[in-house]
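**Q** quick one: sequence and predicted model below, then my questions.
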Amino acid sequence: MNIINTLVRYTDKIGNRVTLVGFGLGILYWVTKSVIYAHTLKGGIIDHLFHLDADDLLIRLIVVLTFTLFGYVVETMVVSRRCEELLQTNEQLRQERAKLEAVMQQMPSAVVISEAPSGRIILGNKQAEEIWRQPVLSSANVEEYGKWKGFHLEDGRPYRGEEWPLGRSLLHGEVVIDEKAGIIRGDGTRSVISIRSTPIRNREGEIEAAVVIFNDIAAHIEAEETRSRLTAIVESAEDAIICKALDQDGTIISWNRGAERIYGYSAKEAIGRSISLIFPPERLPDELSKILKQLRRGESIRNYETLRLRKDEKRIAVSITISPLRDTSGRIFGAAAIERDITEQKRAVEELQRYRFHLEELVQERTHELMTTNSQLQSAIIKYKQTQDALEKSLNQNKLILDSVGEGIYGVDLVHVAIITRPVVLGLVEQIGAGTFLSYKSSVLV
């Protein structure tokens, strides 16, 4: 029977002490050739683990060698545990670590855990490597954190190893929340990350490890900047821009300054209420229901002219263009409307229409007058021609009379000729008027 079995028999309970006296080197050499033999000549303390397969024991043997006049004294403390229990514990620890790693791999954020006090990184998930685009588990201490190229956004100053949130949590127990840092990734591209880190303490309050969680927020920052620009455009627009849900009531979810100006309601008053707030009673519920159904089908409404109701109960004419809103998956979740007050424009069109109608009436009146005048003129022209024909006929007759007299006309008493022709001339003057006759006479004499 070897010395280990003897020691185990004497130490059934953990922590028992046994003192044995040995003569020569054989006993200690039997204990272990690789550990104790090297110390037997000079004495000392030896701490070693032994695994006895036969008894399924794991033994921790602490040996103190003390030389005496009669040889040496071996004082031992044997700490033993059943290997099955230890293996179960180790298996449980392995399973817990596997669970932790699985949870970390499924997390949407990058996670890295380092141990204290060295700062060696012991766990990290794939998201961390994807953000950095290089391996994460290669930093052996806090100083090596400096090789992760990061810089302060405020002034561009690079991060030293101990300046990283993970290093500060390990060294100083600092809890860091949403610190933003610029990084240069393994492929040379740049990005921005948001970092949270915290120390992990034991029951005594000592720091045993630290964990850091970070996310790439470059796309988020770009989206926020785009959103800010769009918000500025929407808020500065003169038209009302209104977003609403497509629920039964068409609940208002956004209301810009243009909407405040046109309808008189502030954003605080309008958001959360039904869009029917601005519908005249006579247009409910038919018009609202029709619009919502059309939008739910994914159809847009363009340049739709209708009436709406202001806060002061005044009705206004508006031109509306409405489009459905879709998320990244294509699902319709709401609608955006651009509404323009066209009351003044409609009033101007109506006024112009009235002017046009009035002008048409005036034109018709003037046309009638012109047609009447033209008719009268045509009649006068006809009479004039008739009179002219009669006058020419009369003159011809007179000429015949004068011609029949012959050359003796010069001896004819003109007073008698005038007396003879006077009735004819007076008849012509009476038919066409004195002015027309005189005008015609002048033209003949000329």
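**A** Perfect, thanks for sending it. Numbering: from 1, shown residues only.

**Q** list the contacts of stretch 309-328.
**A** For stretch 309-328, the surrounding residues in contact (Cβ atoms under 8 Å, 6 or more residues apart in numbering) are 240, 243, 246, 262-265, 278-280, 291, 295-296, 298-308, 332-343, 345-346. For glycine as for every other residue, the C-beta is placed from the backbone atoms N, C-alpha and C.

**Q** what residues sit buried inside it?
**A** The neighbour-count check on stretch 309-328 (16 or more other Cβ atoms under 10 Å) flags 309, 316, 317, 318, 319, 320, 322, 324, 325 as buried.

**Q** where does the third one fall, helix, sheet strand or coil?
**A** For residue 317, the secondary structure call by DSSP: H, G, I helix; E, B strand; the rest coil comes out as strand.

**Q** sorry, back to before: of the contacts of stretch 309-328, buried ones?
**A** When neighbours are counted using 16+ other Cβ under 10 Å, these contain these buried positions: 240, 243, 246, 262-265, 278-279, 291, 295, 301, 308, 334-343.

**Q** the closest residue to residue 145 other than its chain neighbours: what's it in contact with?
**A** Taking Cβ to Cβ, 6 or more residues apart in numbering as the measure, residue 145 lies nearest to residue 161, with 3.8 Å between them; neighbours along the chain are not counted. Listed by Cβ under 8 Å, 6+ apart, the contact partners of residue 161 are 141, 142, 143, 144, 145, 146, 167.

**Q** so how far is residue 328 from the first one?
**A** The reference is to residue 141. Shown here: residue 141 relative to residue 328, a distance of 43 Å by Cβ to Cβ, to the nearest Å.

**Q** how about residue 269?
**A** Using Cβ to Cβ, one gets 32 Å for the distance from residue 269 to residue 328.

**Q** then residue 319?
**A** For residue 319, the distance to residue 328 equals 31 Å [Cβ to Cβ].

**Q** now, which of the buried residues of stretch 309-328 sits nearest residue 130?
**A** The shortest gap between residue 130 and any of these belongs to residue 325, at 31.1 Å (Cβ to Cβ).

**Q** doesn't the closest one lie inside a strand?
**A** Yes. The assignment for residue 325, made by three-state DSSP, places it in a strand.

**Q** list the beta-bridge partners for it.
**A** Residue 325 has these beta-bridge partners by DSSP bridges: residue 334.

**Q** quick one on the thing from earlier: tell me the pLDDT at the residue nearest to residue 145?
**A** According to the predicted model, the pLDDT of residue 161 comes to 92.

**Q** in what helix or strand does the residue most central in space within the chain lie?
**A** Among the residues of the chain, the one closest to the centroid is residue 227, at 5.2 Å (Cα atoms, centre = their mean). With the criterion set as DSSP states H and E, the secondary-structure element containing residue 227 is helix 218-236.

**Q** which helix or strand lies directly C-terminal to that helix?
**A** Proceeding N to C from helix 218-236, the next assigned helix or strand is strand 240-244, under DSSP H and E.

**Q** what sits up against that next one?
**A** 234, 250-256, 258-259, 261-263, 275, 318, 325, 334-341.

**Q** please apply the same query to stretch 175-190.
**A** For stretch 175-190, contacts defined as Cβ under 8 Å, 6+ apart pick out 131-134, 148-153, 156, 159, 165, 168-169, 191-199, 217.

**Q** now, the residues you listed that are in strands?
**A** Using DSSP state E, the members of these that fall in strands are 150, 151, 152, 191, 192, 193, 194, 195, 196, 197, 198, 199.

**Q** contacts for the helix or strand harbouring residue 269?
**A** Here residue 269 sits within helix 267-270, counting by DSSP H and E. Counting by Cβ under 8 Å, 6+ apart, helix 267-270 makes contact with 252, 254, 255, 256, 259, 260, 263, 277, all of which sit outside it.

**Q** now for those: which two are most distant?
**A** Distance extremes for the contacts of helix 267-270: the farthest pair is 256 and 277 at 15.3 Å, using Cβ to Cβ.

**Q** which one of these two has more residues nearby?
**A** A direct count of neighbours by other Cβ atoms under 10 Å for residue 256 and residue 277 places residue 256 higher, at 22 against 16.

**Q** which residues in the chain form helices?
**A** When assigned using DSSP state H, the helices of the chain occupy the ranges 3-10, 26-31, 83-106, 126-132, 165-172, 218-236, 257-263, 267-270, 286-296, 343-405, 414-432, 434-445.

**Q** what's the most buried one of those helices?
**A** Per-residue neighbour counts averaged over each of these give the maximum for helix 165-172, namely a mean of 22 (mean count of other Cβ atoms under 10 Å).

**Q** quick one: distance of that one to the chain centre.
**A** In terms of Cα atoms, centre = their mean, to the nearest Å, the gap separating the centre of helix 165-172 from the centre of its chain is 36 Å.

**Q** show me what that helix packs onto, helices and strands only.
**A** For helix 165-172, the packing partners by 3 or more Cβ pairs under 8 Å, 6 or more residues apart in numbering; DSSP states H and E come out as strand 110-115, strand 176-184, strand 190-201, strand 207-216.

**Q** in TSV: these, plus mean neighbour count, distance to residue 390 and mean pLDDT.
**A** Converted to TSV, the helices and strands packed on helix 165-172 look like this (neighbours: other Cβ atoms under 10 Å; distance: least, Cβ to Cβ, whole Å; pLDDT from 0 to 100):
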stretch	mean neighbour count	distance to residue 390	mean pLDDT
strand 110-115	21	120	93
strand 176-184	16	114	95
strand 190-201	17	111	96
strand 207-216	20	113	95
